[in-house]
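below: sequence and its predicted model.
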Amino acid sequence: MSQQLRLALLQMDIAFGQPEANRAKVREWVAEAARGGAEWVVLPEMWNTGYSLTNITEIADRDGQETIALMSELARTHNLHIHAGSVANLVDGKVYNSTFVFNPQGDVIGTYSKIHLFRLMDEEKYLEAGNEIGLFEWNGVQVGTMICYDLRFPELTRTMSLAGAQIVFLPAEWPHPRLNHWRHLQIARAIENQMFFVSTNRVGTAGETEFFGHSMVIDPWGEVLVEGDETEQILYATVDLGIVPEIRSRIPIFEDRRSELYTQK
Ligand SMILES: NC(=O)CCC(=O)C(=O)O
């Protein structure tokens with residue numbers, strides 16, 4: 001089976017605290033990405049509400065129901081996979097920052113809730129952290145998924161690559177002034193784990209906070225296959241997961257690790 005994926009990154013602005021408006025926009029953008037030949041569509045972080053945290057319990061998606069219904073329908077209609085970024089997701093009275101991934105039949109094939117909450121944006125005051133890492137299987141390939149601030153924890157990506165992940169998805173709301181962190185951390189994670197990194201970051205502003213986009217697809221050699229600017233746009237790139245074993249054998253870091261000397265925990 002082919003391991004090529006034509007990706008479309010939906011680098012969009014997000015209407016603050018307006019889930020209905022954001023769902024309507026995503027419906028249009030997924031249709032546009034399908035017209036552009038996308039096989040996998042990737043959304044940004046918290047695209048249903050943005051960081052409208054003071055009323056997040058009222059506007060979060062209850063058990064992800066609205067997200068699942070919409071994304072399942074769009075995946076089937078357009079015959080594509082959707083990595084639905086993440087949404088504010090109300091479960092048993094607590095709000096999680098949760099990812100859902102869909103196949104073209106509209107089934108959920110992966111879920112994840114952000115495990116590292118970002119204090120600079122008050123997440124820990126309003127959101128509940130997940131407690132499991134995000135790994136799922138696609139066509140016999142392990143796929144990792146994380147959310148924004150999770151990128152700063154190299155142990156997480158290494159745990160995924162050791163579990164066999166060949167590609168990691170990273171939806172984000174990552175703002176100025178940390179563009180250099182965003183770019184260099186992703187490129188480093190891709191090189192040191194010899195895997196693809198696929199990120200979708202929002203654009204636009206929320207109060208004083210300016211989100212810069214620069215969504216990226218990076219290959220396991222660290223080459224940037226596509227990178228956005230700071231405007232709304234759909235970015236396309238085709239990745240071939242078949243190159244991962246070749247790059248891992250060219251520089252065999254997984255064979256050369258000295259795990260007995262590392263003291264991570
Ligand atoms: N939404 C987030 O997790 C933002 C993370 C971020 O901006 C960072 O610098 O880390």
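Looks like it came in fine.

when you work out contacts or count neighbours from here on, use the C-alpha atoms and nothing else.
OK.

report pLDDT for residue 263.
With respect to pLDDT, residue 263 has a value of 83.

three-state assignment of it?
coil (DSSP: H, G, I helix; E, B strand; the rest coil).

for the stretch 101-250 of the chain, what lies in contact range of the ligand?
Contact residues (CA under 6 Å from any ligand atom) of the stretch 101-250 of the chain with the ligand: 118, 148, 149, 172, 173, 174, 175, 178.

please flag which of those sit within strands.
Using DSSP state E, the subset of these located in strands is residue 172.

filter the residues of the stretch 101-250 of the chain next to the ligand to the buried ones?
148, 149, 172, 173, 174, 175 (16 or more other CA atoms under 10 Å).

just name the closest of those to residue 164, please.
Lowest distance from residue 164 to those (CA to CA) belongs to residue 148, with 21.2 Å.

do you know the pLDDT at the residue of the stretch 1-150 of the chain found nearest the ligand?
Nearest residue of the stretch 1-150 of the chain to the ligand (CA to the nearest ligand atom) works out as residue 149 at 3.7 Å. Model confidence at residue 149, expressed as pLDDT, equals 98.

which ones are touching it?
116, 117, 118, 172 (CA atoms under 8 Å, 6 or more residues apart in numbering).

ok, now with 10 Å
Residues in contact with residue 149 (CA atoms under 10 Å, 6 or more residues apart in numbering) are 114, 115, 116, 117, 118, 119, 170, 171, 172, 173, 174, 182.

those residues in helices, which ones?
Counting by DSSP state H, these place residue 182 in helices.

let's have the contacts of residue 149 in TSV, adding pLDDT.
Converted to TSV, those look like this (pLDDT from 0 to 100):
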residue	pLDDT
114	98
115	98
116	98
117	98
118	98
119	98
170	98
171	98
172	98
173	98
174	98
182	98
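
and the end-to-end length of stretch 189-202?
Chord length of stretch 189-202, first to last residue, is 21 Å (CA to CA, to the nearest Å).

same question for stretch 26-46.
Stretch 26-46: ends 12 Å apart by CA to CA.

re the thing from before, and of the residues of the stretch 101-250 of the chain next to the ligand, the nearest to residue 235?
In terms of CA to CA, no member of those lies closer to residue 235 than residue 172, at 15.1 Å.

the closest one and residue 215 touch, don't they?
Yes: between residue 172 and residue 215 there is a contact at 8.8 Å, judged by CA atoms under 10 Å.

so what sits against both of those two?
Here residue 172 and residue 215 have 11, 44, 182, 199, 200, 201, 202, 203 as joint contacts, going by CA under 10 Å, 6+ apart.

so which of these belong to helices?
Those of the shared contacts of residue 172 and residue 215 lying in helices (DSSP H): residue 182.

how about residue 186, secondary structure?
What three-state DSSP gives for residue 186 is helix.

chain neighbours aside, what residue packs nearest to it?
The shortest distance from residue 186 to any non-neighbouring residue, by CA to CA, 6 or more residues apart in numbering, is to residue 197 (6.8 Å).

put the alpha carbons of the strand or helix carrying the one you found into CSV.
Assigned by DSSP states H and E, residue 197 belongs to strand 196-201. Output of strand 196-201 as CSV, limited to C-alpha atoms (Å, rounded to 0.1, in the frame of the first residue of the first chain):
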residue,chain,number,x,y,z
PHE,A,196,8.2,13.7,9.7
PHE,A,197,6.8,16.7,11.6
VAL,A,198,3.5,18.3,10.5
SER,A,199,2.3,21.4,12.3
THR,A,200,-0.7,23.7,11.8
ASN,A,201,-0.5,27.0,13.7
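
please consider this matter closed, and thank you.
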